[in-house]
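1. Below is the sequence, then the predicted model.
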Amino acid sequence: MIIDAYNHVWRPKPNAPELFMHEGLSPEHDNDYIVEAVRKFPTRLIGFMEVNPRDADAADTIRRYARAPGIKGLKLHPTMMGHPVSSHPLMDPIFKTCADTGLAVYGHCMHDFWTTPLQYEEMARTFPDVPLILGHMGILWSVAEAGMVAKR
């Protein structure tokens, strides 16, 4: 089986900026549409919901969507949402909820100061039962660091 671990799906909104339609990024979470798409194509899609960890109801949203058929994980985009991935006060409730519900975490792991491989390693050490996917694996500048983190 070959899995392309990174695609976006969301219901296009009327008059949405064309940039978002072509670049594959949505400024909004459309978890209901993800559930709908996974229901429609259960053998082709593995659903990862998205929340903003800064939202007061983020953990409740994770618990609610974790019960939906085909939802296997949570996608984090710290750069787009403006938070460091290793902020324990912010991220511990998110990772704990993923641990409690059996969800994996897919996180953008780029070269900026909010999403380095070492920050994800901090969360992996704190929550060893949460499967973690380092999306983009540090891009060019942090690939060696991502390899070290994965090995450890």
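-> Thanks, I have the structure now. Quick caveat: nothing in here was measured; it's all calculated off a predicted structure. Numbering: from 1, shown residues only.

2. which residues in this structure form helices?
-> 18-23, 31-40, 58-66, 78-81, 88-101, 117-126, 143-151 (DSSP state H).

3. Pick out the shakiest of the ones you listed, pLDDT-wise.
-> When the helices of the chain are compared on mean pLDDT, helix 18-23 scores lowest, with a mean of 46.

4. ok, back up a step: any chance of the helices of the chain in TSV, plus mean neighbour count and distance to L132?
-> C-beta: built from backbone N, CA, C; applies to glycine. Shown next, in TSV, are the helices of the chain (neighbours: other Cβ atoms under 10 Å; distance: least, Cβ to Cβ, whole Å):
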stretch	mean neighbour count	distance to L132
helix 18-23	11	25
helix 31-40	16	20
helix 58-66	18	15
helix 78-81	18	13
helix 88-101	17	9
helix 117-126	19	5
helix 143-151	15	9
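
5. closest to G107 out of these?
-> helix 117-126 (6.0 Å; Cβ to Cβ).

6. Kindly spell out which helices and strands sit in contact with that closest one.
-> helix 88-101, strand 132-135, helix 143-151 (3 or more Cβ pairs under 8 Å, 6 or more residues apart in numbering; DSSP states H and E).

7. picking that back up, is it possible to export the helices of the chain to a markdown table including distance to I133?
-> As requested, the helices of the chain are arranged in a markdown table below (distance: least, Cβ to Cβ, whole Å):
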| stretch | distance to I133 |
| --- | --- |
| helix 18-23 | 21 |
| helix 31-40 | 16 |
| helix 58-66 | 16 |
| helix 78-81 | 14 |
| helix 88-101 | 12 |
| helix 117-126 | 10 |
| helix 143-151 | 10 |
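
8. looking at these, which is closest to W10?
-> helix 31-40 (5.4 Å).
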